[in-house]
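**Q** below is the sequence, then the predicted model.
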Amino acid sequence: MLGTPVFVMGGLSQAIAVYADSYVTFKEATHLVALLLLVVGWICLKPEEGQEQDGQNSTSTNGEVSSSYPQNLANCPHLEITRKRMQEIKDYHVISQTHVLPYSYLCQIYHLLNLKHLETVHNLSLSNLRIVGVSQASATETGGCIKFQTVLDSPFNVLRMWRQPVVEVELTLHSRYTVELSIPAYAGKRMIVLFNSFPIEENLHELSINIYTDLRWPRPVMQFCLHLASLMTLYEDLPYLKNISKNVEHLFRSNRNINHEAMWLIKRFIDLYSSEYEVA
Ligand SMILES: [Fe+2]
């Protein structure tokens, strides 16, 4: 969108310079040839929708599941659940980010399922968002879903650009590795953030973040804003993840008997996958 008008402007500027006098100088001719080569290169090399990103990223632009998970997960039924969900919403895919973080994947899961951290850790990026209470919790075979009310207190909260001040957000544990956050936007639209946390080694995991929406904003603007927001929340999360990593197994164990509604999904994860953290 930006490149093409820039080249058109450059071409017009060069053409005016050439026809302003009665002859073409060597400098003008060189500039014209260089511009022509750049335009041809720009058109020929323009990335197409759905084409894979560079080799460093393991998630393609249409949000397919990462291919860099450890080989021992290749036939894991939990990955099939993730693939199925990503397939269902792939038409609304906007951005992907993949990060390798030096913590156990359980730290990431604990962090994602802990509602309270949205108020405490993300008080800057979410501009003092408040969680009012959990309205519904339901279990599935491989996870569960909770619905909770969130409130934007401040009239200057940047999130008001795309959502109402009070909305019911859904947090879903799809499988051992996948968590989804679904937030209502204006006019019945939604913003969905799908987090995959794949173990690589004991204290290393891959976090892939895929964001989907049916909001009809200009795509480049939306991609820019969502990449920025995603990086900012990750930056806020890093000290918190580091803190959790010191005693993640203890954190899971200590929440086993807690009946607080905000911890319902963590308890569900414990009930289903306790063998994951009850290691020798
Ligand atoms: Fe977070």
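**A** Structure's in. What do you need?

**Q** can you give me the helices for the stretch 101-250 of the chain?
**A** 105-113, 117-120, 219-245, 248-254 (DSSP state H, counting those that start in this stretch).

**Q** deepest in the core, which of the ones you listed is it.
**A** helix 105-113 (a mean of 24; mean count of other Cβ atoms under 10 Å). No exception for glycine: its C-beta is placed from N, CA and C like everyone else's.

**Q** thinking again about what came up before, got the helices of the stretch 101-250 of the chain as CSV, with mean pLDDT and distance to residue 19 columns?
**A** Below are the helices of the stretch 101-250 of the chain laid out as CSV (pLDDT from 0 to 100; distance: least, Cβ to Cβ, whole Å):
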stretch, mean pLDDT, distance to residue 19
helix 105-113, 93, 61
helix 117-120, 88, 61
helix 219-245, 92, 34
helix 248-254, 80, 70
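
**Q** tell me which of those approaches residue 187 most closely.
**A** Closest of the helices of the stretch 101-250 of the chain to residue 187 is helix 219-245, at 15.4 Å (criterion: Cβ to Cβ).

**Q** and that closest one, what other elements does it pack with?
**A** If you count contacts as 3 or more Cβ pairs under 8 Å, 6 or more residues apart in numbering; DSSP states H and E, helix 219-245 packs onto strand 93-101, helix 105-113, strand 204-213.

**Q** could these go into a markdown table alongside distance to residue 183?
**A** Output for those, formatted as a markdown table (distance: least, Cβ to Cβ, whole Å):
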| stretch | distance to residue 183 |
| --- | --- |
| strand 93-101 | 14 |
| helix 105-113 | 14 |
| strand 204-213 | 9 |
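
**Q** which among the ones you listed is found nearest to residue 76?
**A** Among the helices and strands packed on helix 219-245, helix 105-113 comes nearest to residue 76, with 12.7 Å by Cβ to Cβ.

**Q** just want the angle from that closest one to helix 219-245.
**A** If you take axes from the mean of the first three to the mean of the last three Cα atoms, to 10 degrees, helix 105-113 sits at 120 degrees to helix 219-245.

**Q** could you name the helices and strands sitting against helix 105-113?
**A** strand 178-184, strand 190-201, strand 204-213, helix 219-245, helix 248-254, helix 264-273.

**Q** touching that helix from outside, list them.
**A** 101, 117, 171, 173, 176-177, 179, 195, 197-200, 205, 207, 237, 240-241, 244-245, 248-249, 251-252, 265-266, 269, 276-277 (Cβ atoms under 8 Å, 6 or more residues apart in numbering).

**Q** got it, and stretch 206-214?
**A** 58-59, 63, 65-66, 68-69, 86, 89-90, 92-101, 108, 185, 189-198, 200, 222, 226, 230, 234.

**Q** just the buried ones from those residues?
**A** Buried members of these, scored by 16 or more other Cβ atoms under 10 Å, are 58-59, 63, 65-66, 69, 86, 89, 92-98, 101, 108, 185, 189-198, 200, 222, 226, 230, 234.

**Q** what's the closest of the helices of the stretch 101-250 of the chain to residue 146?
**A** helix 105-113 (9.1 Å).

**Q** spit out the contact partners of the residue lying closest to residue 219 once chain neighbours are set aside.
**A** Closest residue to residue 219 apart from its sequence neighbours, by Cβ to Cβ, 6 or more residues apart in numbering: residue 94 at 7.2 Å. Taking Cβ under 8 Å, 6+ apart, we find residue 94 in contact with 211-213, 219, 222-223, 226.

**Q** I'd like the distance between the residue nearest the centre of the chain and residue 271.
**A** The residue lying closest to the centre of the chain (Cα atoms, centre = their mean) is residue 209, at 3.1 Å. For residue 209, the distance to residue 271 (Cβ to Cβ, to the nearest Å) stands at 26 Å.

**Q** before we move on, what about residue 263?
**A** 12 Å.

**Q** those two - which one has more neighbours?
**A** Applying other Cβ atoms under 10 Å to residue 263 and residue 271 shows that residue 263 carries more neighbours, namely 18 against 11.

**Q** how much space between the more buried one and residue 105?
**A** Between residue 263 and residue 105 the computed distance is 19 Å (Cβ to Cβ).

**Q** try residue 228
**A** Counting by Cβ to Cβ, the gap from residue 228 to residue 105 is 25 Å.

**Q** quick check: beta-bridge partners of the closest residue to residue 192 other than its chain neighbours?
**A** Leaving aside its sequence neighbours, residue 192 sits nearest to residue 212 (Cβ to Cβ, 6+ apart; 4.3 Å). Residue 212 has the following beta-bridge partners by DSSP bridges: residue 93, residue 192.
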